[in-house]
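**Student:** mind looking at a prediction? Sequence and model below.
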Amino acid sequence: MSNNLSYSQKGLSLTEQFEGLKLNAYRDCAGVWTIGYGHTGPDVHPKLTITEEQASALLLKDVGGAVAAVNNLVTVALTQNQFDALVDFVYNAGAGHLANSTLLRDLNQGHHAEAAVQFLVWDHAAGCIVPGLLKRRQAEQALFLAEEVAEKVGAQRQKEALVHHRATRHQMGAAFRPVFCLWPNSRYRETTVGRTSLQTD
């Protein structure tokens, strides 16, 4: 089974946020010439300058490869959030790294929780710790687990609401439980707490 999903605006915004916009070419941590939103390639060279519109166009073109890689490599059904998290990961780390990763193996075996843990393994580049990479992996992980977390929160809230409902019913039942009262000069009368019923002789 393969997916046929497209990158959402939420995912694109995540990529833009962590890549940052650089209109002048620079060397990244690994020494690779980079420009725009993390664009690399033979067209990037020292002193290259581009516009913001060109940077956005390059990002849309580049992210297409990551979209195709995730759709082709993942063999289990994905939610949009899971797909977006994986596309951002691939755009940053590369399709080859996903293809040979424990993350992908766990995911394709249906072990989503184990796969989510693997995002945090990828916080290095070229053997060096990159400031912000861990935050990016954490953001991808949170996005990947968004539905699961929402379901757990919803289930917990439903459980709390049920407990509250039962407690309220118990309190109401206690307030109006039948009792027998014996008054002077009266017979036994079944009454209810909160109401007074008295029959005298």
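**Tutor:** Received, thanks. Numbers count the residues shown, from 1 in each chain.

**Student:** only C-alpha atoms for contact and neighbour calcs from this point on.
**Tutor:** OK.

**Student:** I figured Glu140 hits Val87, correct?
**Tutor:** No - assessed by CA atoms under 8 Å, Glu140 is found out of contact with Val87, at 9.4 Å.

**Student:** out of those two, which sits in the busier spot?
**Tutor:** The neighbour count for Glu140 versus Val87, taken as other CA atoms under 10 Å, is higher for Val87 (30 against 26).

**Student:** give me every residue that touches the more buried one.
**Tutor:** Tyr7, Gly11, Val63, Ala66, Val67, Val70 (CA atoms under 8 Å, 6 or more residues apart in numbering).

**Student:** same check on Leu78?
**Tutor:** Leu78 is in contact with Asn3, counting by CA under 8 Å, 6+ apart.

**Student:** sec struct for it, please.
**Tutor:** Here Leu78 is coil, with the state taken from DSSP: H, G, I helix; E, B strand; the rest coil.

**Student:** helices of the protein, start to end?
**Tutor:** Listed from the start of the chain, the chain has helices (DSSP state H) covering 9-19, 52-73, 80-93, 95-99, 102-108, 112-118, 133-144, 146-175.

**Student:** could I get those helices in TSV, plus columns for distance to Tyr37?
**Tutor:** As requested, the helices of the chain are exported to TSV (distance: least, CA to CA, whole Å):
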stretch	distance to Tyr37
helix 9-19	5
helix 52-73	6
helix 80-93	10
helix 95-99	17
helix 102-108	25
helix 112-118	24
helix 133-144	14
helix 146-175	25
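
**Student:** Asp84 touches Tyr7, doesn't it?
**Tutor:** Yes - between Asp84 and Tyr7 there is a contact under CA under 8 Å: 6.0 Å.

**Student:** so which of these two has more stuff around it?
**Tutor:** Asp84 (28 against 19).

**Student:** what does the model give that one for pLDDT?
**Tutor:** At Asp84, the pLDDT value in this model is 98.

**Student:** for Thr40, same thing?
**Tutor:** Reported pLDDT for Thr40: 95.
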